[in-house]
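J.: I'll drop the sequence and a predicted model, then ask my questions.
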Amino acid sequence: MIEYSQALLLITTTLVALSTIAYLGAFFAVRMSARTARAAAAAATEPAGTVIINAGDGDRTVAVTGGIRHAPVKRFTVTWWAAKSTQLSLVLLTGSLITRTIATGHMPFSNHYEFAISFAWGMILAQVYFEWRYRVRTVSIIVLPVILAMLIYASTLSYQPSPLMPALQNSPLLTLHVLTASIGYGAAVVSFAAAVMYLLSPYVKWKGWPRPEVLDDLGYKATVVTFPMLTLMLILGALWANVAWGRYWGWDPKETAALVTWLIYGAYLHARVTRSWRGSRSAWLLILGFVAVIFTYLGNLFFGGLHSYA
């Protein structure tokens, strides 16, 4: 069963790589159809605060701050196939995780390799959701390379299961703790991509590049997912730590890094809501937050601690 899980993971990595190449090729090619030009012209007359997206059965309006009109995406284009490939990769990676769970007898959240795959799963889930929900597909040129890098990194780690340490055995709290972390960190990559693209907006002259206000809003909406997930992650982690180690909090390096990450995203939301922070300052906070996410994941490799297994 482990071999089947690895085969699904290999196919997933291949599909993500193909999607990455397709998106980069499509967005870096200097093409602008007449339909795109008409959609851009129509955006100027669309009331602020709305986005028109395609839901599969016609356009529907969704309230988004500083909105822009997005024309329905044509089927069977390069980006359409790339989006479908990304969706398929989510299904296959989910299958890989389920297969590994069956093979090992526990959820795949118990070592550094397994969390790398879970982290990648959370990022793909966020990519698929936000792409479907808001149709700002251009962020894929940043999100997908990050996902691909995580999958390639996971392929360098040992995938062979190892005996569970006592603290990791039979703990639903641990499962929920890591699941909320995967979803929260996954959404963080979308806000990171939106922030990077926002900062690049003054230097990019493509007509297909999303408006800065749309990118700013997308980063905010992704953070609205990240922050509550990280809050649940910390609460569930503390409850699990009390069961496993006899204390709720011990200032372990990974715990401390996770708390700092939570504070950064909390500061972003607080500044945006109470002080109307938008623009470059907000974008840099989101980038700092994602750097903290990566440090939280990799930091224990250098600083050890009770989370050294992950």
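T.: Structure's in. What do you need?

J.: Give me the neighbour count for residue 82.
T.: Using other C-beta atoms under 10 Å, the number of residues around residue 82 comes to 25. For every residue, glycine as well, the C-beta is placed using N, CA and C.

J.: Report pLDDT for residue 63.
T.: At residue 63, the pLDDT value in this model is 38.

J.: cool, the one 3 residues further on as well?
T.: pLDDT, the model's per-residue confidence, is 38 for residue 66.

J.: Repeat that for residue 109.
T.: Residue 109 is given a pLDDT of 75.

J.: now the one 10 residues further on
T.: We have a pLDDT of 93 for residue 119.

J.: can you check residue 83 too?
T.: 89.

J.: For it, which residues are in contact?
T.: Contacts for residue 83 (C-beta atoms under 8 Å, 6 or more residues apart in numbering) come out as 19, 73, 131, 137, 140.

J.: Excluding chain neighbours, give the residue nearest to residue 295 in space.
T.: residue 257 (5.7 Å; C-beta to C-beta, 6 or more residues apart in numbering).

J.: which residues in this structure form helices?
T.: 2-28, 34-43, 78-104, 112-134, 140-155, 172-200, 212-245, 253-275, 280-298, 300-303 (DSSP state H).

J.: Name the residues that touch the fifth one?
T.: Contacts of helix 140-155 from elsewhere in the structure, counted by C-beta under 8 Å, 6+ apart, are 9, 12-13, 16-17, 19-20, 23-24, 27-28, 82-83, 86, 113, 116-117, 119-120, 123-124, 126-127, 131, 189-190, 192-193, 196-197.

J.: now those residues: which count as buried?
T.: 9, 12-13, 16-17, 19-20, 23-24, 27, 82-83, 86, 113, 116-117, 119-120, 123-124, 126-127, 131, 189-190, 192-193, 196-197 (16 or more other C-beta atoms under 10 Å).

J.: picking that back up, pick out the shakiest of the helices of the chain, pLDDT-wise.
T.: Ranked on mean pLDDT, the bottom entry among those is helix 34-43, at a mean of 49.

J.: before we move on, back to that, distance of the residue nearest to residue 295 relative to residue 16?
T.: The spacing between residue 257 and residue 16, counted by C-beta to C-beta, to the nearest Å, is 27 Å.

J.: same deal with residue 293?
T.: 19 Å.

J.: Nearest to residue 206, out of the helices of the chain?
T.: helix 2-28 (7.6 Å; C-beta to C-beta).

J.: can you give me how far the closest one is from the chain middle?
T.: How far helix 2-28 lies from its chain's middle: 16 Å, per C-alpha atoms, centre = their mean, to the nearest Å.

J.: likewise stretch 185-200?
T.: Centroid displacement of stretch 185-200 relative to its chain, using C-alpha atoms, centre = their mean, is 9 Å.

J.: How many neighbouring residues does the closest residue to residue 281 other than its chain neighbours have?
T.: Nearest residue to residue 281, sequence neighbours excluded (C-beta to C-beta, 6+ apart): residue 271, at 7.6 Å. Number of residues near residue 271 (other C-beta under 10 Å) recorded here: 15.

J.: isn't residue 271 right next to residue 277, touching?
T.: Yes. Taking contacts as C-beta atoms under 8 Å, residue 271 lies within contact range of residue 277: 3.9 Å.

J.: between these two, what contacts are shared?
T.: In contact with both residue 271 and residue 277: residue 285, using C-beta under 8 Å, 6+ apart.

J.: sorry, back to before: of the contacts of residue 83, which is the nearest to residue 105?
T.: residue 19 (32.6 Å).

J.: quick revisit: and the helices of the chain: which comes nearest residue 161?
T.: So among the helices of the chain, helix 78-104 is nearest, using C-beta to C-beta, at 4.5 Å.

J.: For the closest one, what is the distance to the chain centroid?
T.: Worked out by C-alpha atoms, centre = their mean, helix 78-104 lies 15 Å from the chain centre.

J.: quick one: buried residues of it?
T.: 79, 82-83, 85-90, 92-93, 95-97, 99-101, 104.

J.: Sounds good, over and out.
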